[in-house]
Structures are given as structure tokens and as C-alpha cells.
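Undergrad: Sequence and predicted structure are below.
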Amino acid sequence: MGGHSHWAGIKHKKALTDAKKGKVWTKIIKEITIAAKMGGGKPEENPRLRKVIEDAKASNMPLENVKRAVRRGTGQEPGVVYEEIVYEGYGPGGIAIIINITTDSKNRAASEIRKILDTHGGNMGSTGCVGWMFEQKGYIAVKKADAKEEELMNLALEIGADDFRSPADFDEYEIITSPQEFDSVKAKLEEKKVPLVSAEVTMLPKNEVNIGEDKAEQVLRLVDALEDHDDVQKVYSNFNIPDAVLMKLEK
């Protein structure tokens, strides 16, 4: 998400709300099914499956639900067949948006996502129209209160991270890795007992679009509407909303 820092707090609160709605389990089951279909049913040999099983545990999903989703993915058990689609488009203020979908109905998903974009001041673009504005990277966040900056920076770079960031207006350090080194860097940080706030392979924008108070609420409503859709797994964007504006909107 663009402005990874600024958005993180809101997303955390939102995740708690989503959990109550039961949306999280639905999305995790779809991701498990796809991950097992693409890379096999053994987590130790399938990093994507391993990550989503960790997410399932964190959301208190029963183990039987996880096993069933894996078996559906590997074809050992009948079930709905999902496919992955990536949509690209634009939002208010000219922000770029990438939307990862897992669906059993491509036509329905396209129609509904297009409607959400149109309703909230955005529009669907063609494949590749904004993808070039992003890079796939590993993203790991650590609370500033839990680590000393210089020690963590030296450790992160020593174990294979590409970059270390300490945003002035955010209470977390950010460790950026290549997708290939993500698992290794994460494992080594955990070995050193560094407490991680979040860790994922994501799409980071190369440049951000600053959004003022006039468009901020519209942008957040659009992202909320997209993430609330059952078929949407991930939404990436390049917007940056200053903390002062976010605080006003939260009141």
C-alpha cells in the first residue's frame, strides 16, 4: 500500500473489524486453495502456502478448515475452482491501483470491481497501465520501541536486506528485501528474537502521489470498498496521505 507507514495503523484497525465480519477466513481459504494449486500442498516446500497458513493461525482459523482448503487446491477434495486475476486502474487524484482477485467467476468479478471504481471516482485501466509504477518487494516492520536503530539496521543489511528505513513520522522501522531473500531475512530476524509487527511480500510504489484533505476521504472509501469485496485479496496503491489529514478523518 502506498504510504505503507501511514496506512498501517488504519489497516490494523480495519483487520480487526473484518475479522468480526468473517471476511478474513473467506479470503484466507481462497489464498490457501490457490497457493496449494500453484505450488503443492507441503508448506515446507511452498513459501506462499507457508505464509498464508501463518495468517490462518493468526486469525484463529480451525486447522481442519486449513487442511480442507489445501486438499481442494491439490485436487484431493472436490470444491470450487478459483482463478487469479490482476486488475489495474486509477483512483481519485490520479492514484494508481493494482487489485489482486481470486474468484470463481471472472465476468462477475470484473463487472463488480469496475462498478466500485466508477462509484468512488476511479476507473478500470488496461493490463500493464500502472504495473510499471510498482516493484515486488519483501516488507518487514519492527516497532521502534522494540529495537535500537543502528543495531537493527546493521543486522538487516548484514543478513541480506536491500534497504532499511526509519520514517520520522512513524513509530516503526521498515526493512525492505528482494522477494527471493524475504523468507531468509525474516527467519534470521526471528532467530535473533526481533519482534516483527508485519512481514509480507508486497508491491511497493516507486513514487508516491500526495493526497490532500480534499481527496483523502474519497481515496480511503474506494480502498475500503475494494478490500471489502469477497474476491479481492490485495489492494496496492501509490497514494500518501499525511498523518495530520488521517487524524482529522479519524475523528
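TA: Received it, and whenever you're ready, just let me know what you need. Residues are numbered from 1 along each chain as shown.

Undergrad: Can you name every helix or strand that the helix or strand where Ala216 lies contacts?
TA: Ala216 is part of helix 213-228, with elements assigned from DSSP states H and E. Counting contacts by 3 or more CB pairs under 8 Å, 6 or more residues apart in numbering; DSSP states H and E, helix 213-228 is packed against helix 4-21, strand 96-103, helix 106-119, strand 232-237, helix 243-250. Where you see a C-beta, it was placed from the backbone N, CA and C, and this is true even at glycine.

Undergrad: can we see that at 6 Å?
TA: strand 232-237, helix 243-250 (3 or more CB pairs under 6 Å, 6 or more residues apart in numbering; DSSP states H and E).

Undergrad: residue ranges with poor pLDDT in the stretch 151-251 of the chain?
TA: Within the stretch 151-251 of the chain, the ranges that satisfy pLDDT under 70 run 251.

Undergrad: one step back: what's the angle between the helix holding Ala216 and strand 96-103?
TA: Calculated by axes from the mean of the first three to the mean of the last three CA atoms, to 10 degrees, helix 213-228 forms an angle of 20 degrees with strand 96-103.

Undergrad: What residues sit buried inside helix 213-228?
TA: Neighbour-count burial for helix 213-228 flags 215-216, 218-223, 225-227 (criterion: 16 or more other CB atoms under 10 Å).

Undergrad: check contacts around the residue nearest to Val235 when sequence neighbours are not counted.
TA: Closest residue to Val235 apart from its sequence neighbours, by CB to CB, 6 or more residues apart in numbering: Leu226 at 4.9 Å. By CB atoms under 6 Å, 6 or more residues apart in numbering, the contact list for Leu226 reads 99, 116, 232, 235.

Undergrad: now Phe182
TA: Contacts for Phe182 were tallied using CB under 6 Å, 6+ apart; they are 138, 201.
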